[in-house]
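1. Sharing a sequence plus its predicted fold:
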Amino acid sequence: MNAAVLIAVMAIVTMILRFLPFIVFNKNTPAYISYLGKVLPAALIGMLVIYCLKDVSMLESPHGIPELIAALSVVVLQAWKRNSLISILSGTVIYMLLVQLVF
């Protein structure tokens with residue numbers, strides 16, 4: 001019961017935070033908010049890539065090969081399918097298969 005209440009509260013707070021900008025700004029969105037909406041996703045993806053690759057050692061086996069293959073697969077799938085969910089999920093699966101079964 002406690003877990004259900006906790007999940008419900010977290011879901012409501014998340015929904016409020018997601019909908020709040022649309023409620024506050026309605027149809028008069030300030031230019032800086034529109035600008036941030038365009039540039040922040042790419043900046044966040046860049047930051048996540050750097051964070052994920054920061055501990056990869058090119059001097060020790062497997063020399064970052066699984067990470068490189070997985071990252072390239074994400075880029076290729078994103079360019080081909082234009083679907084972030086498919087790209088990221090596939091890259092994660094490819095990385096885990098490489099690390100568990102190949103390297």
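-> Happy to help now that I have it.
2. and the helix or strand of the chain with the lowest mean pLDDT, what other elements does it pack with?
-> Least confident element among the helices and strands of the chain, by mean pLDDT, DSSP states H and E: helix 31-53 (a mean of 87). Here helix 31-53 touches helix 65-81, going by 3 or more C-beta pairs under 8 Å, 6 or more residues apart in numbering; DSSP states H and E. Where you see a C-beta, it was placed from the backbone N, CA and C, and this is true even at glycine.
3. How far away from the center of its chain is the helix it packs on?
-> Centroid separation for helix 65-81 versus its chain: 14 Å, with C-alpha atoms, centre = their mean, to the nearest Å.
4. Just the residues contacting the following helix or strand past it, thanks.
-> Where DSSP states H and E defines the elements, the next helix or strand beyond helix 65-81 is helix 84-97. Residues outside helix 84-97 that contact it (C-beta atoms under 8 Å, 6 or more residues apart in numbering) are 66, 67, 69, 70, 71, 73, 74, 75, 77, 78, 81.
5. and the least confident helix or strand of the chain with helix 84-97, angle?
-> 10 degrees (axes from the mean of the first three to the mean of the last three C-alpha atoms, to 10 degrees).
6. rewinding a little: can you list the contacts of helix 84-97 in CSV and add neighbour count?
-> Shown next, in CSV, are these (neighbours: other C-beta atoms under 10 Å):
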residue, neighbour count
66, 19
67, 19
69, 16
70, 21
71, 17
73, 18
74, 22
75, 12
77, 19
78, 17
81, 12
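7. separation between the residue most central in space within the chain and residue 97?
-> Nearest residue to the geometric centre of the chain (C-alpha atoms, centre = their mean): residue 45, 6.2 Å. Residue 45 sits 23 Å away from residue 97, going by C-beta to C-beta, to the nearest Å.
8. before we move on, what about residue 44?
-> Distance from residue 44 to residue 97, by C-beta to C-beta: 26 Å.
9. if we can go back for a sec, can you give me the distance of the residue nearest to the centre of the chain to residue 20?
-> Residue 45 is 24 Å from residue 20, by C-beta to C-beta.
10. again, but for residue 98
-> Distance from residue 98 to residue 20, by C-beta to C-beta: 41 Å.
11. Between those two, which is the more surrounded one?
-> Neighbour comparison, residue 98 and residue 20: the larger count goes to residue 98, with 18 against 10 (by other C-beta atoms under 10 Å).
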